[in-house]
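> Fold the following.
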Amino acid sequence: MQKTSYSKINLFIRSTLFFIYSTIAIFFYSLVVACSFPLPLRFRHAEVRVFLRIYFFMLKIICHIDYQVKGQEHIPHDRGGVVMSKHQSTWETFFLPLIFHDPAVIVKRELLWIPFFGWGLAASDPIAINRSAKSSAMQQVVNKGKKCLDQGRWVLVFPEGTRIPPGMIGKYKLGGARLAQATGYPVVPVAHNAGRFWGKRKFIKYPGTVQLVIGPVIESTNRTPEEILTLTKNWIEETMARL
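A predicted model of the protein is given here:
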């Protein structure tokens with residue numbers, strides 16, 4: 001879908017209002033979540049989803065950014081897996097936990113030290129990796145990831161590692177594929193075009209409808225990490241070309 005035409009000042013005002021809302025909401029949300037640390041993880045994730053539903057409602061009302069999801073029938077209900085998603089925006093990092101409940105996101109340990117935002121992130125019990133210990137980083141992902149998967153949680157991975165502008169392809173890294181191969185859990189690929197409306201490090205947000213597509217399960221059994229990554233990348237990028 002093409003971006004709706006708005007004046008620059010209109011877009012700036014809408015983006016400013018959403019920035020103010022987002023800052024205030026994250027501040028209060030973080031305080032609430034910090035108080036709920038003694039409660040079970042599922043309760044904390046339920047709190048996260050309530051916050052995110054309100055967040056995306058406000059994003060639609062203020063910035064006129066809506067979304068459409070296709071392929072939810074591909075999500076297995078009898079097991080978890082490794083979700084490997086295209087990474088273009090902040091949008092998908094907030095949205096995917098609404099689709100894949102109780103996810104464990106692989107993050108840099110340092111993010112948990114950020115006031116307020118880090119508190120909220122820590123409450124979701126992510127897989128926090130010490131990247132300075134490069135020799136053991138992958139083993140950290142496998143060990144912590146397997147524990148989460150065995151608990152029935154999803155593990156959320158952005159194989160490109162950083163947000164990539166629309167129309168470009170980043171270097172896909174093997175981490176998520178290695179985790180899937182080592183644990184025997186499948187990969188669920190995800191493609192979307194959120195970067196067209198909420199760009200990397202862009203203050204202005206453009207009205208429109210984000211298209212998100214969930215692909216068929218990619219089994220990891222009897223496949224190498226390289227084969228898993230190639231299948232995942234090919235599906236994501238072929239789907240991106242159609243969005």
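> Which secondary structure state is assigned to the residue positioned nearest the centre of the chain?
Central residue check for the chain by C-alpha atoms, centre = their mean: the C-alpha nearest the mean position is that of Thr93, 3.1 Å away. The three-state label given to Thr93 by DSSP: H, G, I helix; E, B strand; the rest coil is helix.
> likewise Phe51?
Per three-state DSSP, the local secondary structure of Phe51 is helix.
> wait, it sits on Tyr29?
Yes - using C-beta atoms under 8 Å, Phe51 makes contact with Tyr29 at a distance of 4.8 Å. In this view, the C-beta of every residue, glycine as well, is placed from N, C-alpha and C.
> Spell out the residue ranges of the helices in the protein.
For the chain, the helices defined by DSSP state H cover 8-35, 41-63, 91-99, 117-123, 134-150, 175-183, 225-242.
> Tell me, how many residues neighbour Asp150?
11 (other C-beta atoms under 10 Å).
> pLDDT score assigned to it?
Reading off the per-residue confidence, Asp150 sits at a pLDDT of 92.
> That one and Gln72: what is the separation?
When distances are taken as C-beta to C-beta, to the nearest Å, Asp150 and Gln72 turn out to be 24 Å apart.
> Likewise for Asp78?
If you measure Asp78 against Gln72 using C-beta to C-beta, the figure is 15 Å.
> Name the residue in these two with the higher neighbour count.
Here Asp78 and Gln72 are set side by side on neighbour count (other C-beta under 10 Å), and the busier one is Gln72, at 10 against 5.
> what sits up against the helix or strand of the chain with the lowest mean pLDDT?
The weakest-scoring helix or strand in the chain, judged by mean pLDDT, DSSP states H and E, is helix 117-123 (a mean of 79). Contacts made with helix 117-123 from outside it, assessed by C-beta atoms under 8 Å, 6 or more residues apart in numbering, are listed as 26, 29-31, 33-34, 36-37, 44, 47-48, 105, 107, 111-112, 114.
> In ChimeraX, select just the buried ones from those.
If you want just the buried ones from these in ChimeraX, going by 16 or more other C-beta atoms under 10 Å, the selection is:
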select :26,29,30,33,44,47,48,105,107,112
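> Going by distance to Thr230, which of the contacts of helix 117-123 wins?
When these are ranked by distance to Thr230 (C-beta to C-beta), Val105 comes first, at 23.7 Å.
> how near is the closest one to Gly208?
With distances defined as C-beta to C-beta, the gap from Val105 to Gly208 amounts to 26 Å.
> Could you count how many residues lie near Ala191?
There are 23 residues near Ala191, going by other C-beta under 10 Å.
> so what's it up against?
85-86, 212-213, 215, 235-237, 239-240, 243 are the contacts of Ala191 under C-beta under 8 Å, 6+ apart.
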